[in-house]
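**Student:** can't give you the sequence, but here's the structure:
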């Protein structure tokens with residue numbers, strides 16, 4: 001996003017790491033899923049490129065909602081909805 005001009009984007013839809021330390025059956029991890037140190041810089045960039053009155057949709061784990069909401073609020077952005085829904089695992093156990 002660094003190459004994008006300020007206030008150029010109408011919509012961002014993102015599914016970032018959930019901050020839960022996920023490992024698959026082979027022990028592989030998702031980059032950035034253990035610590036939230038990337039969250040604030042990423043949020044700042046998203047806020048910078050969004051047009052005024054634009055929309056951002058972000059998926060995140062319900063057990064880390066506090067960290068994501070805090071990051072949005074630091075930019076004076078207005079989170080106006082937070083929905084929780086069970087996620088089905090489609091991989092065989």
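**Tutor:** Alright, I've got the coordinates. Model, not experiment: these values are computed from the prediction.

**Student:** Could you use CA atoms for every contact and neighbour count after this?
**Tutor:** Will do.

**Student:** Dead centre of this protein: give me the residue that sits there.
**Tutor:** With distances taken as Cα atoms, centre = their mean, residue 16 lies nearest the centre of the chain, 4.3 Å away.

**Student:** if I read this right, that one contacts residue 60, doesn't it?
**Tutor:** Yes: taking contacts as Cα atoms under 8 Å, residue 16 lies within contact range of residue 60: 6.8 Å.

**Student:** gap between stretch 40-60 and the chain center?
**Tutor:** Here the centre of stretch 40-60 is set off from its chain's centre by 9 Å, with Cα atoms, centre = their mean, to the nearest Å.

**Student:** Need the contact partners of it.
**Tutor:** With Cα atoms under 8 Å, 6 or more residues apart in numbering as the test, stretch 40-60 has contacts from 1-2, 4-18, 68, 71-72, 75, 77.

**Student:** Among those residues, name the ones in helices.
**Tutor:** Secondary structure defined by DSSP state H assigns 68, 71-72 of those to helices.

**Student:** who wins for most neighbours among these?
**Tutor:** Of all the ones in helices among the contacts of stretch 40-60, residue 68 has the most neighbours under the rule other Cα atoms under 10 Å, reaching 21 neighbours.

**Student:** Counting by contacts, list what the helix or strand bottoming out on mean pLDDT in the chain packs against.
**Tutor:** Least confident helix or strand of the chain, by mean pLDDT, DSSP states H and E, is helix 65-74 with a mean of 85. When contacts are defined as 3 or more Cα pairs under 8 Å, 6 or more residues apart in numbering; DSSP states H and E, helix 65-74 packs onto helix 39-49.
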